[in-house]
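1. pasting a predicted model and its sequence here:
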Amino acid sequence: MDVAEEQGFMVVSVNQHVDRTPEEIVELLDYLEEKFPSIDGSRVYATGFSMGSVKTWALSETYPERFAGVAPMSGSFEPEATAIPETAIPVIYFAGHESPLTEYPHTSCDSERCGDGEAGWLDARLAAMFAQNGVEEDWEFDRSQEANWGLAPTSTSIVEDSLFDNVSVQVNSYESGDGQTITQLASVRNVAHEATPIEAQIAWDFLSKFSRGDDGEIVTAAADSKRQSEPPILAILLIAAAVLVVVVIVVTVTLRRRARAQAGA
């Protein structure tokens, strides 16, 4: 009797995540992996919008080894870690180009105003992320290199939104010192502080390429046709996450099912 294998997804939304520490979220992940042995621990991803983005960044700096990639969307606080993590982690970060909030580097903000032209939370966050991923050890914002992110990319692509004619995403890719491209920064044109389906599509196309090997190192593989067929479902889930402002953890589950016995067995 043969055993057929196919892949599925488990999506975990962490409610009241502002009051949940990264440690508590990873405790939940430990519980799920114990309760559901079919979870593929090498392909666990985290994403979140707004305050969910803040918590996603926190997971990436505190437990990078537990995630094959993260996709924070629209926001960050300053890193809490005093030392740069030694473990690199694939990151794609999205910012609404028309947002009045501090979604880009070199934008300062306090309780009364947000203004352009001063180093802010995203400067500290991107500096830590660039160092963590081996892109740039001592990054400082330089608008002459690139207007939005202050660092010239290795490559740039433009993705047009098929649902909204005026929305497009400029994705900047940054190569690490080892030659891998595990860092992307995305500017969403004609979008304010909101998450859109095109971001979910781009995020999954990026994240699905990565897993963690048995040694904890990042493994990169071209997305196969099975993975490419899944993003519309994920897009819906991420839109829901945007409304709820939660952290979403996506784990890949290997589902095993027994093939039906031959007729008459």
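-> Right, received. Where do you want to start? What you see is a predicted model; the values in this text were computed from it and never measured.
2. tell me which strands the strand or helix carrying F94 pairs with, and in which orientation.
-> Following DSSP states H and E, one finds F94 within strand 91-96. Applying DSSP bridges, strand 91-96 is found paired with strand 69-73 (parallel), strand 181-189 (parallel).
3. quick one: that strand to chain centroid distance?
-> Computed by CA atoms, centre = their mean, to the nearest Å, the chain-centroid distance of strand 91-96 equals 8 Å.
4. can you check stretch 12-20 too?
-> 16 Å.
5. likewise for stretch 117-124?
-> 20 Å.
6. residues contacting that stretch, please?
-> 76-79, 102-109, 140-141 (CB atoms under 8 Å, 6 or more residues apart in numbering). Glycine gets a C-beta too; all of them are placed from N, C-alpha and C.
7. quick check on those residues: which are buried?
-> 76-77, 79, 102-108, 141 (16 or more other CB atoms under 10 Å).
8. give the buried residues for the strand or helix carrying D123.
-> D123 is part of helix 121-132, with elements assigned from DSSP H and E. By 16+ other CB under 10 Å, the buried positions in helix 121-132 come out as 121-123, 125-132.
9. again, but for stretch 52-70
-> 52-64, 66-70.
10. how far does stretch 8-20 stretch from start to finish?
-> Length of stretch 8-20, first residue to last, CA to CA, to the nearest Å: 27 Å.
11. where does the stretch 1-150 of the chain have low pLDDT?
-> Across the stretch 1-150 of the chain, residues meeting the criterion (pLDDT under 70) sit at 1-7, 16-17, 108-116.
12. hang on, the earlier thing: most packed of the strands paired with strand 91-96?
-> strand 69-73 (a mean of 28; mean count of other CB atoms under 10 Å).
13. using PDB, write down the CA coordinates of it.
-> Written as PDB, here are the backbone C-alpha positions of strand 69-73 (Å, rounded to 0.1, in the frame of the first residue of the first chain):
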ATOM      1  CA  GLY A  69      12.100  33.900   6.700                       C
ATOM      2  CA  VAL A  70      10.000  36.900   7.800                       C
ATOM      3  CA  ALA A  71       7.900  39.600   6.100                       C
ATOM      4  CA  PRO A  72       7.300  42.600   8.400                       C
ATOM      5  CA  MET A  73       4.900  45.100   6.800                       C
END
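14. ok, the residue nearest the centre of the chain to E34 distance?
-> For the chain, A71 is the residue whose C-alpha lies nearest the centre (CA atoms, centre = their mean; 1.2 Å). Here A71 is placed at a distance of 26 Å from E34 (CB to CB, to the nearest Å).
15. so L29 lies in a helix, does it not?
-> Yes: the assignment for L29, made by DSSP: H, G, I helix; E, B strand; the rest coil, places it in a helix.
16. I'd say it and R66 touch.
-> Yes: here L29 lies in contact with R66, judged by CB atoms under 8 Å, at a distance of 6.6 Å.
17. so what's in contact with those two at the same time?
-> V44.
18. list the contacts for A128?
-> Per CB under 8 Å, 6+ apart, neighbours of A128: 61, 79, 81, 84.
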